[in-house]
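Colleague: Below is the sequence, then the predicted model.
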Amino acid sequence: MELSPALHRIGNDIVAAYLIVAPEGLTLIDAGLPGMYADLERELDAIGRPIHDIKGVVLTHGDSDHVGFAERLRRDHGIPVFVHAADADRAQGGDKPKTAVGPMRLGPLLRFAAFGIRKGMRPQWLTEVVRLNEDTTLDLPGAPRVVAMPGHSPGSIALFSPAVRAVFVGDALTTRHVLTGRTGPGPAPFTDDPAEALASLARIADLDADWVLPGHGPAFRGSPAAAVSAVRGAARA
């Protein structure tokens, strides 16, 4: 799905990944679920780009619904996969703390489960990663800059690309709660430390961007400041 000529979404409002499209190559942000590999192939066909144009995969964190098909790209095509050092073990199948589930509604929960069954919830953990630290600008198409966003997980990051005027936030926030169906910017479920996640939003609030792109929910067209304000309001409600 084209958001702009240089910015494409793979997947849907349940689980999403993103492509930065540049003449020199592509950067993939997150890798969804394993079965979304076919969605990636369709998107590449639609824009007329081969898979070897992907220069790197950058994970916003190490949860299974973001690791998805990243190992397949690394193993079969030699594409490097980047993840924050604090989430490297998580992305390779390490322990994840149990978190409070919180409120849920049957309809949205069943849709999330059905999508997971269709696209493969069984994780394909990474066997090799390139470890990132914060405040790094990556030598990848779109020159995404790493912004540390601890809270959802210790190594959660956002990626800010001035070239496409977008902030990719992973699960630092959501615009469609997968368990309740609530739409609009709000806190994400399954968060390790909700208070820390809310505090981390200050790190993106002042970024100059037109898009805030979460791992779950529709793209938010507006400033990061507006998205952050909405999340804080939802958290107070």
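Modeller: That came in fine, so what should we check first? Numbers count the residues shown, from 1 in each chain.

Colleague: tell me which residues of the helix or strand that contains residue 74 are tucked away?
Modeller: Following DSSP states H and E, one finds residue 74 within helix 70-77. Residues 70-71, 73-74 are the ones in helix 70-77 that count as buried (16 or more other CB atoms under 10 Å). Just so you know, the C-beta spots here come from the backbone N, C-alpha and C atoms, and that holds for glycine as well.

Colleague: Repeat that for stretch 180-196.
Modeller: 180, 182, 184-194.

Colleague: Equivalent analysis for stretch 111-127, please.
Modeller: Counting neighbours by 16+ other CB under 10 Å, stretch 111-127 gives 112, 115-116, 119-120, 123-124, 126 as buried.

Colleague: likewise stretch 202-220?
Modeller: 203-204, 207, 209-217, 219-220.

Colleague: from memory residue 228 sits against residue 202, does it?
Modeller: Yes - between residue 228 and residue 202 there is a contact under CB atoms under 8 Å: 7.4 Å.

Colleague: Spatially central residue in the protein, please.
Modeller: Centroid-nearest residue in the chain: residue 170, 3.2 Å away (criterion: CA atoms, centre = their mean).

Colleague: follow-up on the earlier one: show me what the helix holding residue 74 is packed up against.
Modeller: Secondary-structure packing of helix 70-77 (3 or more CB pairs under 8 Å, 6 or more residues apart in numbering; DSSP states H and E): strand 54-58, strand 81-84.

Colleague: which helices and strands sit right next to the first one?
Modeller: Strand 54-58 sits against strand 25-29, helix 70-77, strand 81-84, with contacts defined as 3+ CB pairs under 8 Å, 6+ apart.

Colleague: Format the ones you listed as a markdown table; extra columns: distance to residue 108.
Modeller: Below are the helices and strands packed on strand 54-58 laid out as a markdown table (distance: least, CB to CB, whole Å):
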| stretch | distance to residue 108 |
| --- | --- |
| strand 25-29 | 24 |
| helix 70-77 | 26 |
| strand 81-84 | 28 |
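
Colleague: These: which one's closest to residue 107?
Modeller: strand 25-29 (28.6 Å; CB to CB).

Colleague: Show me what that closest one pairs with in its sheet, parallel or antiparallel.
Modeller: strand 16-22 (antiparallel), strand 54-58 (parallel) (DSSP bridges).

Colleague: hey, where'd the helices end up in the protein?
Modeller: For the chain, applying DSSP state H gives helices covering 37-47, 64-67, 70-77, 88-91, 106-119, 194-200, 224-236.

Colleague: just so I know, which of those lies nearest residue 137?
Modeller: helix 224-236 (17.6 Å).

Colleague: contacts for that closest one?
Modeller: Contacts to helix 224-236, defined as CB atoms under 8 Å, 6 or more residues apart in numbering, come from residues 167, 173, 182, 184-187, 194, 198, 201-202, 204-207, 209, 212, 220.

Colleague: mind redoing it with 6 Å?
Modeller: Residues outside helix 224-236 that contact it (CB atoms under 6 Å, 6 or more residues apart in numbering) are 167, 173, 185-187, 198, 201, 204-205, 207, 209, 212, 220.
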